[in-house]
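A.B. asks: Prediction below, plus the sequence it came from.
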Amino acid sequence: AIYENVAELEKLNMQFDFIVVGGKRDRWKRRCKLPFGERQTFGFSAGSRWLVIATPNTPWDWNYTTTPQVGLNGRTVAFPRGFVLGGSSSVNYMVYTRGSKEDFDRFALIADDERWSWDNLIPYMKKNEQFTQPADHHNTTGQFNPAVHGFNGINSVTLSGFPSPIDDRVIETTQELAEFPFNLDMNSGDPIGVGWGQMTVKDGSRSSSATSYLAPQFVSRPNLHVLLHARVTRVLPTASNDFRTVEFVQDLKGKRMTLSAKKEIVLSAGSVGTPTILMYSGIGNSSALQSLGIKPLHNLPSVGQNLTDHSLLPLGWLVDSTDTFDTEARNTTALWSTTRQRISDGSGFPTTLPYSSASRDPSAGPNTAHYEHLYSNGFLGTTPPTGNYLGITSAVVSPASRGSITLNTSDPLAPPLINPNLLASEFDIFIMRYAVRSALRFAASKPWADYVIAPPVGVNNTSTDDELDDYIRQNAGSVFHPVGTASVSPVGAKFGVVDPDLSVKGLTGLRVVDLSVMNRIPAAHSQAAAYIIGERGADMIKETWS
Ligand SMILES: Cc1cc2nc3c(=O)[nH]c(=O)nc-3n(C[C@H](O)[C@H](O)[C@H](O)COP(=O)(O)OP(=O)(O)OC[C@H]3O[C@@H](n4cnc5c(N)ncnc54)[C@H](O)[C@@H]3O)c2cc1C
């Protein structure tokens, strides 16, 4: 059931086995709701009860802003996070991309745990996914590869059900330029190329963790209790090095309350929320916490470090058409298809360029993209007052830059300092520059000759590196894919925040199950990875308590 006020819960006089912080997914909630026999199969006691704590659901955004970004000429940029049941999956752009096989194999390598390899995660991808017909029920043959998808999962993924006037030209470009090979399915583990976009949509509506994992049939289960409007301030020790209590408020000026779990607290508050809660709880870099007046309880210097995000630059080419979304509500995100590209195939970059050594390449391997293009039938940035546009938005998807989430006060209701350090590394600006030039080549190719009228203002074929860099640093922002602030590392490692089973290092009763655990960012939009971690983490919890 869903509760607005903790008093309603207190009346039930219940004890909870698990408390999940962050209104999100998850499979494990389903399991404990299965009929008694099956529940026994999964090893939960008949009395298992679950509580999901969610933030207030209006307004829908935490309204964060980054710190001044060195790589963006000192600008600060918006850093939205979903302030709603379903978290950012309820507010995101719905693009569904998993990343490369190499992305997850590297994750497993760094974690020193094969459970995180691509091959071992495929069952969880399929468990999450319910590939459905697009809204217009068009023939999808040749637009995706059914063999790599799940059809019986819970979260709907589909192809666009709304044909776009630029579709044919994009596909034609894949036949025209070797730089943009056609890729039947970018979710096969081998994402390089241009193909049809997939998105988390069902029958034309958003499919999020709230509409899927927290759908009425699951929320109505008798042992799942969802408390809304509950902001967790800290996790508290129940005994030395054992954290099974959450402290929270329902009113920013109200009293702090606590709830304890018999088995575990699961932090699913995301790459900003999770490290913030840990640090306010005294779990982090002890000397930094002490200097803020926070009593250090457990020294884990990696908490909040290694923040990694994708940077993004929308560009618009003026076109000879009125049939674009610019003329409608200008915030539509009619993403059509995407391309992921490497600078060169196989062996790294041209040797005349800096960062030519493969060992300095931050991408996960030769089949992992450095950058992405999003083609849209309209400009994805702030639309100019007049004109219709072909949008090509570039993103650096294997960045070298690293930032951090830190605190500057001991008040757990204060926002953290968010520094994704976008485009701080020379490597990342080099990739963004390359991606922009690649977009110029794309739009200058034959299929666009009778369509594109002019290149983006400020960016063209004769732009020098310095001019492009200036333009990029002045106009780029974030794709809102933060990961890595509570990273997985091997058992016994001196770095990292959680062990490969996602339990917080050196503590009992506390696990992290969200994107903050990804030690490297996948070269993809991040929600698929969040679902994969949710599904895999759920089984790890089950394994612990069977
Ligand atoms: C505007 C936007 C567009 C995006 N577009 C795409 C896209 O097209 N495709 C894609 O794949 N990805 C996209 N993403 C990213 C994707 O949605 C996220 O990577 C994913 O949802 C992260 O999941 P998470 O569970 O780690 O964190 P989140 O989804 O952020 O969930 C964290 C939850 O915890 C709650 N929480 C945080 N702190 C507390 C606290 N102290 N107490 C209680 N609750 C708390 C939050 O309110 C939220 O409900 C987008 C993100 C944004 C913001």
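C.D. replies: Noted; the coordinates are in hand.

A.B. asks: From Phe83, how far out is the closest residue to the ligand within the stretch 101-250 of the chain?
C.D. replies: Using CB to the nearest ligand atom, Val232 is the residue of the stretch 101-250 of the chain that sits closest to the ligand, at 3.6 Å. Placement of C-beta: from N, CA and C, glycine included. Here the distance between Val232 and Phe83 works out to 13 Å (CB to CB, to the nearest Å).

A.B. asks: and if you look at Gly284?
C.D. replies: Taking CB to CB as the measure, Gly284 and Phe83 are separated by 24 Å.

A.B. asks: Between those two, which is the more surrounded one?
C.D. replies: Neighbours were counted for Gly284 and for Phe83 using other CB atoms under 10 Å; Gly284 has more, 28 against 22.

A.B. asks: ok, the residue nearest to Asn388 when sequence neighbours are not counted - how many residues close by?
C.D. replies: Nearest non-adjacent residue to Asn388, counting by CB to CB, 6 or more residues apart in numbering: Thr324, 4.3 Å away. Residues within reach of Thr324, counting by other CB under 10 Å, total 24.

A.B. asks: Show me what from the chain comes close to the ligand.
C.D. replies: By CB under 6 Å from any ligand atom, the part of the chain that sits against the ligand consists of 21-24, 53-55, 80-83, 87-89, 91-95, 231-232, 268-271, 273, 277, 480-481, 514-515, 525-528, 530.

A.B. asks: Helices - which of those residues land there?
C.D. replies: 270-271, 273, 277, 527-528, 530 (DSSP state H).

A.B. asks: and the residue of the stretch 51-200 of the chain nearest the ligand?
C.D. replies: Taking CB to the nearest ligand atom as the measure, the stretch 51-200 of the chain has Gly87 as its residue closest to the ligand, at 2.4 Å.

A.B. asks: That residue reaches Ser209, doesn't it?
C.D. replies: Yes: under the criterion of CB atoms under 8 Å, Gly87 makes contact with Ser209 at 6.7 Å.

A.B. asks: so what pLDDT did the nearest residue to Asn285 once chain neighbours are set aside get?
C.D. replies: The spatially closest residue to Asn285, leaving aside those adjacent along the chain, is Pro301, at 4.3 Å (CB to CB, 6+ apart). Here the pLDDT value assigned to Pro301 is 98.

A.B. asks: How about Val491?
C.D. replies: We have a pLDDT of 98 for Val491.

A.B. asks: Could you chop this structure up by domain?
C.D. replies: The chain breaks down into these domains under automatic domain parsing: 1-73+81-155+209-308+408-413+482-546, 161-196+311-398+424-475.

A.B. asks: Least confident of these, on average?
C.D. replies: The weakest mean pLDDT among the domains of the chain belongs to domain 161-196+311-398+424-475, with a mean of 82.

A.B. asks: now that one, how far from the centre of its chain.
C.D. replies: Taking CA atoms, centre = their mean, to the nearest Å, one finds domain 161-196+311-398+424-475 lying 20 Å from the centre of the chain it belongs to.

A.B. asks: And the strands in the stretch 51-200 of the chain?
C.D. replies: Assigned strands in the stretch 51-200 of the chain, in chain order: 64-65, 78-79, 129-131, 155-159, 193-196, 198-199 (criterion: DSSP state E, counting those that start in this stretch).

A.B. asks: Show me the contact partners of the first one.
C.D. replies: When contacts are taken as CB atoms under 8 Å, 6 or more residues apart in numbering, the neighbours of strand 64-65 outside the stretch itself are 76-81, 272, 415, 418.

A.B. asks: quick one: furthest residue from the center of the protein?
C.D. replies: Note on the chain: the largest C-alpha distance from the chain mean falls to Asp450, namely 37.5 Å (CA atoms, centre = their mean).

A.B. asks: Looks like that one contacts Ser321 (just checking).
C.D. replies: No: proximity of Asp450 to Ser321 does not meet the contact threshold set by CB under 8 Å, at 10.3 Å.
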